[in-house]
Structures are given as C-alpha cells and as structure tokens.
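# Pasted the sequence and its predicted model underneath.
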Amino acid sequence: MAELDLEADTAPATDRDAPLWRGLLAGTPEAAQELCARFGPKLLSFAAARFPRDPSLAEDVMVQTLAEAARHIAWYNPRRATFAVWLYGVARRQIHNELRRRRRRTSPPASAQAPLTSAADTSDGHDVAEEVAARVDARQMVAAVTEVLSEVELEVLVLSSIEELSVREIGRVVGRSERAVHSLLHRARTKARERLADHAR
Amino acid sequence: MRDEELRADLAHSLEVVRPELTPALEARAVAAVAAARVRPARPRRRLIAAATVAVVVLTGLGFVPIPLGKTQGALDRALATASNARTVHVLTRDFGPGAFEWERWASEDGFSRSEWRQPGQPTQISLDAGGWEVLYSVGRDGRTSDGDASYDPCALYPVPMPDRVEFFKRRHTHGLAMVRHRPASTPQTREFRETSLWGGEVDVFEERTVVVEKTWRSASPGHEAELSYDKGDTRLTRAEFDAQTGSLLSEREYRLRGNDRQLITETTYEWNVEIPQELRQFTLSPGRKLTRTSPWESRAQHVIARGSTKDWVFTLHAIDVNRRGEILLWVSRVPTPDQNPDIFNSAPPMKVEAVGSDGAKYTQDNGFSCMNSRYVGYWTTTLKPQFENSMPARITLQIWPYASEPCEEQFITFRGITLPPRDSISSFDELWAREREVIQY
C-alpha cells in the first residue's frame, strides 16, 4: 500500500472523497459512518459477484475491507489514485485472501452447491412470488456470468458495472495496463452476452 | 445486447443478489472501522535517500558495504511481504559450465511464465494461465516448436505467492543439511544489516554449509556440468532483503574452496511489477501444432462423492468404465484446514479397495496419473475386476491417503456409487487420446 504524503495537499480536484479519508485519518466517528454508507453497498455488490451463494461471506469481506482501509489509511497516497480505486484494491485483496482460505477448506465447487431455486426469501407482504422470481433471475444471471469468466475478467466487468471507474482506474485496482483492461472488458462482455443469450434459450 | 444494457443489467442483478446493508450490518461495519488502529506510514524514500547522502558526506566512504550490526527476523518479514505481493519477477543466472538463465513471472491470479535460456539452445517456455499449462520452445530465428497444452486442475487451489518462489519453498520443504541432495553439515547462519552506496540498506541472511559428500550439479536437463562440491568445500548462500520493506531482493550461492570464492548462481527478485501483456500470451509459428489434453477440465469441478478424515478430504470427481469392466477413478485429495502442517501432498497415489454390488472385488493397478501441488492432488487410478464379465450397477470404494502408509484410521468409504455404462474403449489410453485435440497453426 502507498503512503500518505501529509506535506503536499495534492488531493485531486475531482476526488470527492478527500474529506472522507482525511476524517478517517483523524479518527472521526462521522468518517466511519460515511465510509460505510458511501462504499458499503457497492463493496457488498463487488463481494457478492465473487461469492454469489454465500451472502454472509460477502458481508464479512465488506466489513474486513472497511476495517483494513481504516487501519492502513495512513498508507493511502492521493497522488497515485482516488480513494475509491485504493479501496477496491483493498477489497480485492480481502477477496483473494478469503478465496485462498476457502480453497484450503475445500468448500464444494459451484456445480455441487444447492440449486438457485432454493434462494427464496420471506418478505413483508409484498408480492412474494414476484420478489422470489426477481431474486432467482438475478442470481441466475450472476451465476451464468461468473461461470464463463476468469477471475480478472469478472473483476473488471463488475467494477465497470457497479462503480464509475475509468478503464485506467480499473487497471490500477487489478494491476493491469489500460490496454489490458480494454481487452479484458471486451472479452468479458462478449462472453457474458453469449452466455446470457444461451441461458435465455 | 449493448454494452450499456449489459452494464445496467449486471449492476441491477448484483444489487438484487447482494446482502442488504441492514442496520445491524452497518453498525458492525462502523464498529470495526472505529476499532481499527491507524498504522503509521512507511518512512518516505526521500528521507532514506537523504540519509544515505548524509552518510556519504559525513564519512567519505567508498564502495564498501558498511555493517550496521545484527538484525533478526528478515526471513519472516520477507515471507510476510511476499504473502501480500501481487506479482513477482525472478531472474536466475548460473555462472558455472553450461551456464543458463531462468526467468519467471508470477501473479496472484494464478498466472505464471517460465523461460529457460542456454547459449545456443532454443528458449524453453512454459506458461500457466487459467489452469492451462502450455509448453513450447522458441529458436534463435524466432520460430517456435510444436506446443503441448494440458489442463491442470491444481489451478483451482491457488498457491500463495511465497510458495511460487523457490526461495521460500526451500525453507520449509527441504532439509537444510543437504547440498545438492547430498549430506552436509548443519548450516551455520547469521543475520546482519549493511549499507552500501549502491544498494541502500539491506538486511542480509547468510548460511554456510560444509560438504560432507561430493556432489555434482546438473546445470540443465540432460546436461552434466563439471562443477562440483568436493568434500570439505563450503556452500555459502547470501540472501539480501530491503531493510525498509522487508522484500527479498536477491540470493547468491558461492562455493568456497580454500581462499577461492566462486559465484555459482545469482537470483534477483522484483515484486509488484506490471507483467507485460505479451508475456501472458503465446502464439505458435505457422505450420506448428498445439496438442491440447484436457480430460480433467470437464471433471475437476464435478463431485460424485466427498468425505473427509482428520487430515484429508477426498473427492470422487468422475468414473469411467471400459468395455472390459475396468474402472478409472478420478479422485482428488486435499489437506484439511487443521492438518498437521508437516504433511504434504506428494505424488504417490491413494490406496483403493473396491467391491461391486455383485460381490466382485477389484484390484488397484500399479499405474496412475497425478497432477499435484502442495495443496491438492488429482489422481486417476485404475481398478481391475476380479471377473471380466462383472457388470455391477454400483460399487463401494474404500480410499486411504497413501498406498505405502495405509493410516488405518484415515480411510473414507463411498458406498453404493452408481457406475456409468461401459464405454466402447478397451483401454483408458483410448480415453486420453479421445480427449486430445490437435490445433494446426
């Protein structure tokens, strides 16, 4: 992780998160709440793409990411990347650590896990059938896409979908050049479209 | 579907499937953030550079490393730093007869590339990406050889970055009291810090081992080099680590013979470098063929049965039956999370005993195929029926982790496994041939 240069106030004019990371550095309670509110849902999406059948794991990854970011906030260098780019890099590391731990625990492969149709949730009186159908459709879409993409293809596709990161910024998160990310995105989108078209038939 | 539609659909689907940020979850996250103690930043490089210049000005030193006293824990710090690395670039140069260069790249997503170069020889290249290992060579004229590609299911279990670097693997997989697989004295080690004008501050770990039995070193496959360690020679290895970051920088091996000190090999390490995209790809020259062998690709993530003992998890992935009633099992073996850390996945296959639902027993054949890493092993093993005309519908399997050490308490039983219909092939060599594809470039 990079270091924070306290002497140079070089936060980019477009870095709207400057007050946030400064607040984290100062340890203000408001910063902790804002961090969670601003990035919590999208980090949950990012983690859910990698662990679509394990929502509790996605929650753990989100909490660990925010805690790690707060712990290492002094290492963040705003001259190298926006706070969002840096934070997704932290999230990515947490996900990879968790994947390594899971693979050593030999959790069953995706093909052996419970079918998606068991994903029904209760509701508070809304149209249960429609809610369940929507959730099943969404999970099937995510599962279909994750089946055909490599890890890094999935990462770039998810990052481009859930967060307004440029290709260059996505490259900073996943450690690839801008050109490589263009290529990965193109491949990922092509594969995803083909898979979703097959799935729809 | 246009890109924008795909983006919107995927974003929406991820919003639907993600867990909800409930008040309880939010409170948990906020509490975790609030409890996190901010770690201080690393000293800036400008300060290090300024300190180095100050040393030069004040002491007027030349190009001699300055010892700065003893340090400890450089190996542990290097291991921790390597564990967090995204990529590594390693270059080994050998300076003995039959000198070679061996260059490797690895990234945390499982990619690796290895190039082996010797003067006057084609460069041998192996490339691992997405579970596929591709081997080929490139001549001095730039033309490639034919290539071989095989699917390695071990890629499903990513190997931590330190284990992808020989330096760290050696530390816990080989006894140190050996030189080139021959007995040697117990190594004498020391750690200290040095400053040099060109290297900045480095932590040094040195290890000296006296050779007890003469060894020869093979510089490359099929090549017997003249370099040897005679009885009484000392092998000195010197590893250098960045004193600020803890990163492993280099390792050198020297042979000390009397007053002579000869550099044998030198390995340098660069961490978190960007791996050029062209290194992640390969193309064979026109007219060349790529032979792809992929039987595990369709089987490795399929599960017929799974069970665990104290130290091992066994998974039966697939079964094939040939027309003679012989059974080919596709099985993996993974250490459990609580396994004794001294136990490794090694090549010898599992021991299997089997009985068909018709009562016929099966004998395990001596031959097997294996793809294994430290973390997982995938085997195929053949069972031959007591009677060739046995046609049981099901089979019960009892599997031990090793054939040579039955470990009576560590077997797993898979009962009543349904057998597939017999294939028309008479031997499993035909199955491998059937799952082999040749691509003409």
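Noted; the coordinates are in hand.

# Okay, helices next: where are they in chain B?
B:3-17, B:23-35, B:45-59, B:74-83, B:166-173, B:428-434 (DSSP state H).

# quick one: which of the ones you listed is nearest B:L127?
helix B:166-173 (18.3 Å; Cβ to Cβ). Bear in mind the C-beta positions are built from the backbone N, C-alpha and C, glycine included.

# returning to that earlier point: mind putting the helices of chain B in JSON lines, mean neighbour count included?
Output for these, formatted as JSON lines (neighbours: other Cβ atoms under 10 Å in any protein chain shown):
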{"stretch": "helix B:3-17", "mean neighbour count": "18"}
{"stretch": "helix B:23-35", "mean neighbour count": "16"}
{"stretch": "helix B:45-59", "mean neighbour count": "12"}
{"stretch": "helix B:74-83", "mean neighbour count": "18"}
{"stretch": "helix B:166-173", "mean neighbour count": "14"}
{"stretch": "helix B:428-434", "mean neighbour count": "14"}
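
# For B:R93, find the nearest of the ones you listed.
Across those, closest to B:R93 is helix B:166-173 (Cβ to Cβ), at 14.0 Å.

# Switch the helices of chain B over to TSV; also include mean pLDDT and distance to A:R172.
TSV is the format used below for the helices of chain B (pLDDT from 0 to 100; distance: least, Cβ to Cβ, whole Å):
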stretch	mean pLDDT	distance to A:R172
helix B:3-17	82	20
helix B:23-35	85	23
helix B:45-59	48	20
helix B:74-83	88	20
helix B:166-173	69	27
helix B:428-434	85	44
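
# could I get those as a markdown table with distance to chain A?
Converted to a markdown table, the helices of chain B look like this (distance: least, Cβ to the nearest Cβ, whole Å):
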| stretch | distance to chain A |
| --- | --- |
| helix B:3-17 | 4 |
| helix B:23-35 | 4 |
| helix B:45-59 | 9 |
| helix B:74-83 | 9 |
| helix B:166-173 | 15 |
| helix B:428-434 | 21 |
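
# got those helices as TSV, with distance to B:L284 columns?
Shown next, in TSV, are the helices of chain B (distance: least, Cβ to Cβ, whole Å):
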stretch	distance to B:L284
helix B:3-17	32
helix B:23-35	51
helix B:45-59	44
helix B:74-83	33
helix B:166-173	28
helix B:428-434	21
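
# what's the closest of those to B:E297?
Per Cβ to Cβ, nearest to B:E297 of the helices of chain B: helix B:428-434, 12.9 Å.

# And for that closest one, what's in contact with it?
By Cβ atoms under 8 Å, 6 or more residues apart in numbering or on different chains, the residues outside helix B:428-434 that reach it are B:T293, B:P295, B:D320, B:N322, B:E326, B:L328, B:T380, B:T382, B:D423, B:I425.

# give me that answer again for 6 Å
Residues outside helix B:428-434 that contact it (Cβ atoms under 6 Å, 6 or more residues apart in numbering or on different chains) are B:L328, B:I425.

# pLDDT score for the nearest residue to B:Q277 once chain neighbours are set aside?
With Cβ to Cβ, 6 or more residues apart in numbering or on different chains as the criterion, B:Q277 has its nearest non-adjacent residue at 4.8 Å, and that residue is A:A180. Looking at A:A180, its pLDDT is 82.

# SS state for A:A180?
Using DSSP: H, G, I helix; E, B strand; the rest coil, the three-state assignment for A:A180 comes out as helix.

# That one contacts B:E278, correct?
No. With contact defined as Cβ atoms under 6 Å, A:A180 does not reach B:E278; the gap is 10.2 Å.

# more crowded one of the two?
A:A180 (20 against 8; other Cβ atoms under 10 Å in any protein chain shown).

# Just read off the phi/psi values of A:G40.
phi -60, psi -50 (degrees, to the nearest 10).

# and the closest residue in space to it that isn't next to it in sequence, how many neighbours?
Once flanking residues are discounted, A:G40 sits nearest to B:L21: 5.0 Å by Cβ to Cβ, 6+ apart. Taking other Cβ under 10 Å as the neighbour definition, B:L21 ends up with a count of 17.

# Any idea what B:Y254 is bridged to?
B:L236, B:L263 (DSSP bridges).

# where's it relative to B:F241, distance?
Noted for B:Y254: a distance of 18 Å to B:F241, by Cβ to Cβ, to the nearest Å.

# What of B:R333?
Taken as Cβ to Cβ, the span from B:R333 to B:F241 is 36 Å.

# In terms of neighbours, single out the busier of the two.
The neighbour count for B:R333 versus B:F241, taken as other Cβ under 10 Å, is higher for B:F241 (27 against 22).

# In the sheet, which residues pair with the more buried one? Tell me.
Going by DSSP bridges, B:F241 forms beta bridges with B:D203, B:L248.

# isn't it right next to B:A78, touching?
Yes. The criterion here is Cβ under 6 Å, and B:F241 meets it with B:A78 at 5.1 Å.

# Return the helix or strand in chain A with minimum mean pLDDT.
Least confident helix or strand, chain A: helix A:128-148 with a mean of 73, by mean pLDDT, DSSP states H and E.

# What is the subsequent helix or strand relative to that helix?
Following helix A:128-148 in sequence order, the next helix or strand is helix A:151-162 (DSSP states H and E).

# So which residues on chain B come close to chain A?
B:1, B:3, B:6-7, B:10-11, B:13-14, B:16-19, B:21, B:25-26, B:28-30, B:32-34, B:36, B:38-42, B:86, B:109, B:130, B:157-158, B:277, B:301-303, B:313, B:334, B:337 (Cβ under 6 Å from any Cβ of the partner chain).

# tell me the contacts of the closest residue to B:V16 other than its chain neighbours?
Nearest non-adjacent residue to B:V16, counting by Cβ to Cβ, 6+ apart: A:A138, 3.7 Å away. Counting by Cβ under 6 Å, 6+ apart, A:A138 makes contact with B:S13, B:V16, B:V17.

# And B:Y375, by the same measure?
Contacts of B:Y375 (Cβ under 6 Å, 6+ apart): B:Y157.

# Distance of the residue nearest to the spatial centre of chain A relative to A:M62?
Here the mean C-alpha position of chain A is nearest to the C-alpha of A:F46 (Cα atoms, centre = their mean), at a distance of 2.1 Å. Per Cβ to Cβ, A:F46 is found 8 Å from A:M62.

# how about the helices in chain A?
A:18-26, A:29-50, A:55-71, A:83-104, A:128-148, A:151-162, A:167-174, A:178-200.

# Strands of the stretch 201-350 of chain B, start to end?
Taking DSSP state E, counting those that start in this stretch as the criterion, the stretch 201-350 of chain B carries its strands at B:215-220, B:223-229, B:234-242, B:248-257, B:260-271, B:289-293, B:305-308, B:312-321, B:327-335.

# any idea which of the ones you listed is most buried?
strand B:327-335 (a mean of 24; mean count of other Cβ atoms under 10 Å in any protein chain shown).

# Quick check: neighbours of it in the sheet, parallel or antiparallel?
According to DSSP bridges, strand B:327-335 forms sheet pairs with strand B:312-321 (antiparallel), strand B:377-385 (antiparallel).
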